[in-house]
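Student: here is the input, now give the coordinates:
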Amino acid sequence: MITVYHVPRTRSLRVVWLMEELGEEYRIEKPGFPLPPEYLEINPAGTVPSIDDDGIRMGESIAILQYITGRRLPQAMEFTVGPNPDPAAYAAHLQFLHYGEASLMGPLSVIFRTTKLAPEGERDNFSVRDLTTALQRRLALLDARLEDGRQWIMGDKFTIADISVGYALTIAQALGMNDVLSDKVTAYVERLTARPAYQRAISQ
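Tutor: Residues are numbered from 1 along each chain as shown. Reported below is the predicted structural model:
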């Protein structure tokens, strides 16, 4: 059984969300925050999420999503484009799977740390303004993807790319950045967060 080390509202939500989508039994451990020193035995990087899958330990939320769907075939196939996908579909799926972390969460993490954690007087600075502009440019890729009216990133099929991107978009909303989200992207977030598996995950 997979154990997920989970701190609510962090990237570990992606992993809990996937487990809820799969309907597979799993166990949650909440190490708390700040993370206790003994957690470093699970993840020496001192980050969440982490998983322990019968002795196999991993961090990095996107890698975990790929690992879980790759190991739990055929039931997890529903959430990927494998096993022998069209090359263009496979490329698009990988692109958006990693886009959610690399292109969206990168700037959002800095914006969060600056606007929420920095001392008063240092929260509105060049980095925040520059990264907000960069985020708007990057969100244009998602907006274009949704232009044809598709429900999910890969069309009618919900995949782990949606989990990756969806988590980042909920963080943008939590930071009060709704103005950088187009109407199409906002509607997409509403569809994502209405999913029963997401609702179960967010309550963990």
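Student: closest to the centroid, which residue in the protein?
Tutor: Most central in the chain under C-alpha atoms, centre = their mean is S164, positioned 3.2 Å from the mean C-alpha point.
Student: give me the contacts around the helix or strand where that residue lies.
Tutor: Secondary-structure assignment from DSSP states H and E places S164 in helix 160-174. Here helix 160-174 makes contact (C-beta atoms under 8 Å, 6 or more residues apart in numbering) with 9, 11, 13-14, 17-18, 21, 61-62, 65-66, 69, 79-80, 93, 96-101, 104-105, 108, 112, 135, 142, 152-154, 178, 180-181, 185, 188-189, 192-193, 198. Every C-beta, even on glycine, is put in place using the N, C-alpha and C of the backbone.
Student: which residues sit against the helix or strand just after it?
Tutor: Toward the C-terminal end, the helix or strand that comes next after helix 160-174 (DSSP H and E) is helix 183-194. Here helix 183-194 makes contact (C-beta under 8 Å, 6+ apart) with 139, 142-143, 146-147, 151-152, 162, 166, 169-170, 173, 178, 181, 198-199, 202.
Student: try stretch 196-204
Tutor: Here stretch 196-204 makes contact (C-beta under 8 Å, 6+ apart) with H6, P8, L13, V16, W17, M19, E20, E21, I28, G166, L192, T193.
Student: so which of the residues you listed are in helices?
Tutor: L13, V16, W17, M19, E20, E21, G166, L192, T193 (DSSP state H).
Student: tell me which of the residues you listed is nearest to E41?
Tutor: Nearest to E41 out of the ones in helices among the contacts of stretch 196-204 is V16 (C-beta to C-beta; 21.3 Å).
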